[in-house]
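Enquirer: model this:
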Amino acid sequence: MSDNNEDLDTENDIFALDMSDGLVESNRRAAVRYVRQDITAILIKKSLFRAQEILVQLIDISSKGATIACSDKLKRKNKVKLSLTFQDGKRFTLPATVVHAEDAPQKRYGLKFERCNDKLGDYLLSSQNDLIFK
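Expert: Here you go, the predicted model:
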């Protein structure tokens, strides 16, 4: 092989990329988001004397958080729980914080789970029938 071919191989090597320019920090979404229509999602928010359960539409979900749509207004930084029930009866109830709120045209909210839930991530992947990722 000539020296020119060796130079070309080094330039195109993905492992030779310089990640010191903040490239890693700029890409904050590291979890795969699943689009699922087969999960029942209920948002549990505390009011003064009792917990209120609200049926919500699950837009997408990952092991770190979810995007939901609901008719109730939620404020950023509110602490809530998201209860997820799969078709086979498997249930997850995850404490979360509202980190994003969008009012128009539909009330959509971004939830960040208190911690990454690997069991949920594994179950989302293993129970997936239609491969739709976001």
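Enquirer: Just confirm residue 122 is within a strand.
Expert: No: counting by DSSP: H, G, I helix; E, B strand; the rest coil, residue 122 falls outside a strand, being helix.
Enquirer: Count the neighbours of it for me.
Expert: Using other C-beta atoms under 10 Å, residue 122 has 11 other residues around it. For every residue, glycine as well, the C-beta is placed using N, CA and C.
Enquirer: any idea which helix or strand comes after the lowest-mean-pLDDT helix or strand in the chain?
Expert: Every helix and strand in the chain was compared by mean pLDDT, DSSP states H and E; the lowest is helix 23-26, with a mean of 47. Sequence order places strand 40-46 as the next helix or strand after helix 23-26, per DSSP states H and E.
Enquirer: for the record, mean pLDDT for that following strand?
Expert: Computed over strand 40-46, the mean pLDDT rounds to 94.
Enquirer: next one: phi and psi at residue 80?
Expert: With angles defined as degrees, to the nearest 10, residue 80 sits at phi -140, psi 180.
Enquirer: tally of neighbours for residue 47?
Expert: Neighbours around residue 47, by other C-beta under 10 Å: 7.
Enquirer: Roughly how far does it sit from residue 86?
Expert: Residue 47 sits 28 Å away from residue 86, going by C-beta to C-beta, to the nearest Å.
Enquirer: from what I can see residue 77 touches residue 97, true?
Expert: Yes: Residue 77 is within contact range of residue 97, at 6.4 Å (criterion: C-beta atoms under 8 Å).
Enquirer: More neighbours: the two, which one.
Expert: Between residue 77 and residue 97, counting by other C-beta under 10 Å, residue 97 is the more crowded of the two (15 against 9).
Enquirer: That one falls within a strand, correct?
Expert: Yes: the assignment for residue 97 is a strand, going by three-state DSSP.
Enquirer: ok, now which ones touch it?
Expert: Under the criterion of C-beta atoms under 8 Å, 6 or more residues apart in numbering, the neighbours of residue 97 are 77-80, 111-112, 114.
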